[in-house]
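>>> Fold the following for me, if possible:
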Amino acid sequence: MKQLRDNVIRAGFDALYYTGAHRVLRPLLAGAGTIFMLHHVRPARDDLFQPNRHLEITPEFLGAVLDHVRALDIDIVSLDEAHDRLRAGDFKRRFACFTFDDGYRDNRDHALPVMRKHDAPMTVYVASDFAEGRGRLWWVALEKLIASVDALDAEIGGATVHFETHDADGKQAAFMRLHDWLRTLPDDRQVQNEVSALCAIYNVDDSRIASDLCMSWDELKSFSADPLVTVGAHTISHCNLARETQTDATREMRASRERIASVLNRPVQHFAYPYGDKSAAALREFELAKELGFRTAVTTRPGMIFPENAVHLTALPRISLNGNYQNERFLSVLTSGAATAVWNGFRKVDAA
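This next block holds a predicted model:
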């Protein structure tokens, strides 16, 4: 199913590109700006089984994106600058922001040198438990587990399901089935408990993944000292806020912000909703971010930034730089706004 979806997306990109529709539609659909969404930036891996590959791009592709944006005569700005332009109705020039979720160490080691080369600001959203080294990146743990075994059994809905995982196709099928099931559980604590229990059965240590992949507080202190870097909040535990009570959701948002501000000794003005789709961030969460005083809050809903987004600053869409589509041809379509316009039924704002 995922392969079919990827093939349909690729076909859509190619259709828009080879017909030239993206060039014709760019003036109408590119909007006032773009907020790009990234996670990992690191050298390509050769592993056949990479279920989280969509969350990483190479430094070379990041450089190509920055070159492409500059060639379009688009200003690359900080989120503070984007916020100010939206509030002031200043749309004389298009802008682009680059945002990175979770606080991975490769953002410092591989992304920042590329951003420095292009004198381009970046915002990194930190989940404070990840910086503490005690968070659980369950999607990475699930990949690590499945990669390590040739077969596994899991309890799904009260029944034991057996997975043959001796090759990449079997591993991918197991990952997708388990991932989809986990996303149906009532809250992230149950998700993490289920993954940790499976890891324990198959002798996979998931306790060090956060410290292995994410910047510590000390690393974030030096990283955030760079004038190109802004640090935003991403909750304490990287939870699905929509599945939390209002009290717990508020605590996750407020406490993560306070912890980051306290350690880095600087205000935290920007927020990213974990997962960020409609099942994880909607009207209640948008209002909470506004009440807590965040200048902006970003979703994972796809879309360009239009002047109309100025009244929805805590429900901003982003364009994902997806590792499965590291192709400059596709990039040209993405920055035209044509692909996301089709996806959104040509609505400019999706903030409900």
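>>> quick one: residue 10 from residue 317, how far?
Residue 10 sits at a distance of 22 Å from residue 317 (criterion: C-beta to C-beta, to the nearest Å). For the C-beta atoms, the positions are set from N, CA and C on the backbone; glycine is no exception.
>>> Stretch 71-82: which residues count as buried?
74, 75, 76, 77, 78, 79, 80, 82 (16 or more other C-beta atoms under 10 Å).
>>> Looks like the fourth one contacts residue 95 (just checking).
In other words, residue 77. Yes - judged on C-beta atoms under 8 Å, residue 77 makes contact with residue 95 at a distance of 4.8 Å.
>>> between those two, what contacts are shared?
Counting by C-beta atoms under 8 Å, 6 or more residues apart in numbering, the residues touching both residue 77 and residue 95 are residue 85.
>>> what's downstream of the lengthiest helix in the chain, the next helix or strand?
Determined from DSSP state H, the single longest helix within the chain is helix 246-264. Moving toward the C-terminus from helix 246-264, the next helix or strand (DSSP states H and E) is strand 270-272.
>>> List the buried residues for whichever helix or strand comes after that next one?
Using DSSP H and E, the next helix or strand after strand 270-272 towards the C-terminus is helix 283-291. Buried positions in helix 283-291, judged by neighbour count with 16+ other C-beta under 10 Å: 285, 286, 288, 289.
>>> Just confirm the last one contacts residue 314, I think it does.
Yes - distance between residue 289 and residue 314: 3.9 Å, which falls inside the contact criterion (C-beta under 8 Å).
>>> where exactly do the strands run in the stretch 51-200 of the chain?
Using DSSP state E, counting those that start in this stretch, the strands assigned to the stretch 51-200 of the chain run over residues 56-57, 75-76, 95-102, 122-126, 151-156, 159-164.
>>> Greatest separation within the buried residues of stretch 71-82: which pair is it?
74 and 80 (17.3 Å; C-beta to C-beta).
>>> Show me what counts as buried in stretch 49-62.
Within stretch 49-62, the residues that qualify as buried are 49-59, 61-62, counting by 16+ other C-beta under 10 Å.
>>> low-scoring stretches of the stretch 251-352 of the chain, by residue?
Counting by pLDDT under 70, the stretch 251-352 of the chain contains no low-confidence residues.
>>> Please report how far the residue nearest to residue 341 when sequence neighbours are not counted lies from residue 276.
Nearest non-adjacent residue to residue 341, counting by C-beta to C-beta, 6 or more residues apart in numbering: residue 29, 4.6 Å away. Counting by C-beta to C-beta, the gap from residue 29 to residue 276 is 22 Å.
>>> picking that back up, which ones among the buried residues of stretch 49-62 map onto helices?
59, 61, 62.
>>> Mind pulling up the pLDDT for the second one?
What the model reports as pLDDT for residue 61 is 97.
>>> And the chain, what are its domain boundaries?
Domains of the chain are assigned by automatic domain parsing as 2-133+223-343, 138-201.
>>> Tell me which of the ones you listed is the most buried.
Among the domains of the chain, domain 2-133+223-343 has the highest mean neighbour count (mean count of other C-beta atoms under 10 Å), at a mean of 19.
>>> residues contacting residue 59?
For residue 59, the contacting residues are 41, 42, 43, 110, 111, 113, 114, by C-beta under 8 Å, 6+ apart.
>>> got those residues as JSON lines, with pLDDT and distance to residue 133 columns?
Converted to JSON lines, those look like this (pLDDT from 0 to 100; distance: C-beta to C-beta, whole Å):
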{"residue": "41", "pLDDT": "98", "distance to residue 133": "21"}
{"residue": "42", "pLDDT": "98", "distance to residue 133": "20"}
{"residue": "43", "pLDDT": "98", "distance to residue 133": "24"}
{"residue": "110", "pLDDT": "98", "distance to residue 133": "21"}
{"residue": "111", "pLDDT": "98", "distance to residue 133": "21"}
{"residue": "113", "pLDDT": "98", "distance to residue 133": "25"}
{"residue": "114", "pLDDT": "98", "distance to residue 133": "26"}
